[in-house]
Every structure is written in C-alpha cells, then in structure tokens.
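Student: mind folding the following:
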Amino acid sequence: MLKITMVSVGSLPKGPFNDLGADFATRLKKFAEVEFKTVKTDDRLGEAIPKDSFVIVLEATGKQFTSEAFAAKLQSWIDDGRKLAIVFGGPHGVSAELKHRADLLLSLSPMTTTHDLAHVFFLEQLYRAFTITRGMTYHY
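Tutor: This next block holds a predicted model:
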C-alpha cells in the first residue's frame, strides 16, 4: 500500500476545514497509508520528510496538472513503489534549498489561498486521483 506523508508548517486545519480534511483522510485509507506531520517553523520542514521519499512541494509557481494527468502521475509513482512526501510551506512558502530538494514542485492554482484550504483541496484531489485510477464514479 502506498505510504504518503503530508508535512506542513503550523497546525492542521481547524473547524470546517478539519472536518472536510478528516473526511477525505478517512476515504483515502482504502488506497494509501496517510500520515500527517506538523512542524513549528519553515526551517524544520526538511527534517520531517521521511528518507527515500519522492518529495512533492506545493508551490504556486510549480507544475500544474489536470485531475486526469495527476492521477496518471500518481499511478506511475505507485507502480514504481515510491513513498510520497507532500510538503505544505508556511505563509512565505519554502526555502530555496527545499525547492531544490523536491522531486516535483506542484501548483494547485496560480492563485494564492489559505493553508487550510490548500490542505483540503489537495486531499480532495488525491482522493479524486485514486478514484480515477480505479475507475470509480467519483470523477465524471
């Protein structure tokens, strides 16, 4: 089963964002083992990334995918036996060093959004990608 570690600065989403995120995290359990790690400051992000992970940093200037293209990428990582680490930076993004360390800089949108909303949005897209690769009816 695919192992995904989601690393973020600060705390996990609160209130309704927490509820939505928890719902998608529960849905994801049938496809992957998802672990959430938080660090207090941007400079600690790198320490929380598991070794031998394919590192995806969420970055406004990163590569954008359609849901179908992201699903195909996800399937290729699964086929390669990769562990994934998804990194959510703080309000000022991530360091140049961490961007350089990343295997993929991924943009959810060219627009800026809150940390909580980005977290939920990514979980939903991850779930959508799994349903696409499995031919489930969630994605139309």
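
Student: what does the pLDDT read for the residue nearest to the spatial centre of the chain?
Tutor: Residue closest to the mean C-alpha point of the chain, counted by Cα atoms, centre = their mean, is Ile86 at 4.1 Å. Looking at Ile86, its pLDDT is 98.

Student: this structure: strands as residue ranges?
Tutor: 2-9, 32-39, 53-63, 83-88, 104-106 (DSSP state E).

Student: backbone torsions only: list them for Pro110.
Tutor: Geometry field for Pro110 lists phi and psi as phi -70, psi -10, criterion degrees, to the nearest 10.

Student: still on that earlier bit, tell me which of the strands of the chain sits most buried.
Tutor: Highest mean neighbour count among those (mean count of other Cβ atoms under 10 Å): strand 83-88, with a mean of 23. (Glycine included, C-beta is placed from N, CA and C.)

Student: just the C-alpha atoms of the longest helix seen in the chain, please, in CSV.
Tutor: Assignment by DSSP state H gives helix 115-133 as the longest helix of the chain. Output of helix 115-133 as CSV, limited to C-alpha atoms (Å, rounded to 0.1, in the frame of the first residue of the first chain):
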residue,chain,number,x,y,z
HIS,A,115,-3.1,26.9,4.2
ASP,A,116,-6.2,25.2,5.5
LEU,A,117,-8.0,25.4,2.1
ALA,A,118,-4.9,24.2,0.2
HIS,A,119,-4.7,21.2,2.6
VAL,A,120,-8.3,20.2,2.0
PHE,A,121,-8.1,20.9,-1.7
PHE,A,122,-5.0,18.6,-2.1
LEU,A,123,-6.6,15.8,-0.1
GLU,A,124,-9.7,16.0,-2.3
GLN,A,125,-7.5,15.9,-5.5
LEU,A,126,-5.5,13.0,-4.1
TYR,A,127,-8.8,11.1,-3.4
ARG,A,128,-10.0,12.0,-6.9
ALA,A,129,-6.8,10.7,-8.5
PHE,A,130,-7.2,7.4,-6.7
THR,A,131,-10.8,7.1,-7.9
ILE,A,132,-9.8,7.9,-11.5
THR,A,133,-7.1,5.2,-11.4
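
Student: sounds good, over and out.
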